[in-house]
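Colleague: sequence and computational prediction follow.
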Amino acid sequence: MQQVSQFLSDEAATLAFGEAIGRVIAGVPPADVRLHANLIGDLGAGKTTLVRGVLRGLGYAGRVKSPTYPLLETYKAGDLTLAHFDLYRLETPEAFVEAGFEEYFVGPGIRFVEWPDRGGSFLPSPDWCITLNEHPDGGRNVHIEAQTATGANLLGQLSS
């Protein structure tokens with residue numbers, strides 16, 4: 001499948017990369033937007049910063065909070081809904097279903113999931129796996145791997 005890797009020198013570069021993702025998504029008719037991206041990275045790797053950039057690229061101007069404590073934050077950007085999950089505090093994979101989170105993966109929308117392993121087999125397969133790693137000289141590396149045809153199509157638009 002298709003892949004994109006990039007070095008992000010600082011927080012501003014992470015936001016800008018997220019904004020580029022948001023602009024690609026904004027170019028798709030809202031009824032056709034179905035993107036589920038798993039975010040992989042240590043605490044402080046820039047996962048929420050990347051999502052904040054995506055929302056900016058979609059035209060969202062409000063505050064973007066980390067969903068660490070509520071586990072889920074949702075945002076409306078025009079006709080698009082973005083659900084940002086942080087499953088770090090999920091006690092069991094079954095709690096994903098008990099919370100009703102699987103309903104957010106039906107139909108159009110954008111879903112970013114931090115700590116996806118905590119959802120176990122209840123979490124649907126993603127379109128993208130996004131990995132953020134600290135770079136030894138500062139900044140971070142981002143790697144996006146498409147897992148589906150939908151993901152490959154969007155990633156192709158991002159890299160062109």
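Modeller: Nice, thanks for sending it over. Since the structure is predicted, the reported quantities are computational estimates derived from the model, not experimental observations.

Colleague: would you list every one of the strands in the protein?
Modeller: Counting by DSSP state E, the chain has strands at residues 3-8, 34-40, 72-77, 80-86, 109-114, 128-134, 140-146.

Colleague: the longest helix seen in the chain - contacts with which helices or strands?
Modeller: Taking DSSP state H as the criterion, the chain has its longest helix at helix 11-26. Here helix 11-26 touches strand 3-8, helix 47-57, strand 140-146, helix 149-159, going by 3 or more C-beta pairs under 8 Å, 6 or more residues apart in numbering; DSSP states H and E. (Each C-beta comes from the backbone N, C-alpha and C, glycine too.)

Colleague: most tightly surrounded among these?
Modeller: Among the helices and strands packed on helix 11-26, judged by mean count of other C-beta atoms under 10 Å, the one packed with the most neighbours on average is helix 47-57 (a mean of 24).

Colleague: out of the strands of the chain, which one sits most buried?
Modeller: strand 109-114 comes out most buried of the strands of the chain by mean count of other C-beta under 10 Å, with a mean of 24.

Colleague: any idea of the angle that strand forms with strand 72-77?
Modeller: Angle, strand 109-114 to strand 72-77, by axes from the mean of the first three to the mean of the last three C-alpha atoms, to 10 degrees: 140 degrees.
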